[in-house]
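# Predicted structure and sequence below. I'll ask about it afterward.
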Amino acid sequence: MPPSQTIMDQFPFLLTTMLVLLAACGSSNGQSPHTNMRPNEMSQYDHSGNPHYSHTDTAKLSVPLSEWRKLLPQELYHIAFEKGTERAFTGKYWDFEGIGTYACAVCGNVLFQADSKFSSSCGWPSFFQTARKDAILYHEDRSFGMVRTETTCGRCGAHLGHVFDDGPKPTGLRYCINSVSLEFIGKR
């Protein structure tokens with residue numbers, strides 16, 4: 001800003017910029033922009049071209065990475081098969097509350113019931129238990145100089161996130177999952 005201009009001279013520009021940023025970030029009443037959405041509006045991907053997507057088939061899949069790369073959006077492929085992580089507080093489901101289930105966005109395997117989701121303030125969707133025992137597989141993860149437990153889909157092997165032992169009762173677990181890896185299925 002030139003020395004001859006004061007902050008008051010810049011006020012109209014600053015106010016306009018703030019309003020544009022607020023509109024881009026969602027509702028200005030403090031609620032998440034996702035909270036008032038209907039369940040069918042929460043779908044992230046078009047699964048019509050994915051022959052492996054099913055909410056009822058729990059048989060393990062053996063699909064080459066080259067096929068997944070062709071079928072999946074780049075961001076989903078990166079997180080699911082290159083073990084990426086979305087930035088905290090940016091995912092579609094981190095603060096979403098809806099009645100239904102959460103499935104693997106890659107293959108449709110049902111992973112969590114919505115009533116096991118809780119607010120952990122970590123910036124990613126958090127759950128305290130899985131929908132069924134074999135929904136998720138567990139692997140030791142020693143990346144980034146830490147020892148953690150990675151979670152992957154029990155059907156297709158896609159990376160979901162990690163599980164920690166700082167969750168609420170009754171399990172004491174916190175499944176910290178990338179929103180990109182999830183697909184919300186609203187109860188009808």
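Now that the structure is in, tell me what you want to look at.
# which residues in the protein form helices?
For the chain, applying DSSP state H gives helices covering 7-25, 65-71, 74-81.
# Does anything pack onto the shortest one? Which helices or strands?
Here helix 65-71 is seen to pack against helix 74-81 when contacts are counted using 3 or more C-beta pairs under 8 Å, 6 or more residues apart in numbering; DSSP states H and E. Just so you know, the C-beta spots here come from the backbone N, C-alpha and C atoms, and that holds for glycine as well.
# Hmm, Phe96 and Ser119 touching each other?
No. Contact criterion C-beta atoms under 8 Å: Ser119 and Phe96 do not qualify, at 10.7 Å.
# Pick out whichever of these two has more residues nearby.
Phe96 (21 against 11; other C-beta atoms under 10 Å).
# weakest of the helices of the chain by average pLDDT?
Within these, confidence is poorest for helix 7-25, with a mean of 43 (mean pLDDT).
# in this protein, which spans are strands?
Taking DSSP state E to define them, one finds strands in the chain at 100-104, 110-113, 117-118, 126-127, 136-141, 148-153, 159-164, 174-177, 182-186.
# strand partners of the third one, parallel vs antiparallel please.
For strand 117-118, the pairing partners within the sheet under DSSP bridges are strand 126-127 (antiparallel).
# what sits against the residue lying closest to Arg87 once chain neighbours are set aside?
The spatial neighbour of Arg87 that comes closest, neighbours along the chain excluded (C-beta to C-beta, 6 or more residues apart in numbering), is Gly123 at 7.8 Å. Applying C-beta atoms under 8 Å, 6 or more residues apart in numbering to Gly123 gives the contacts Arg87, Ala88, Phe89, Thr90, Gly91, Trp94.
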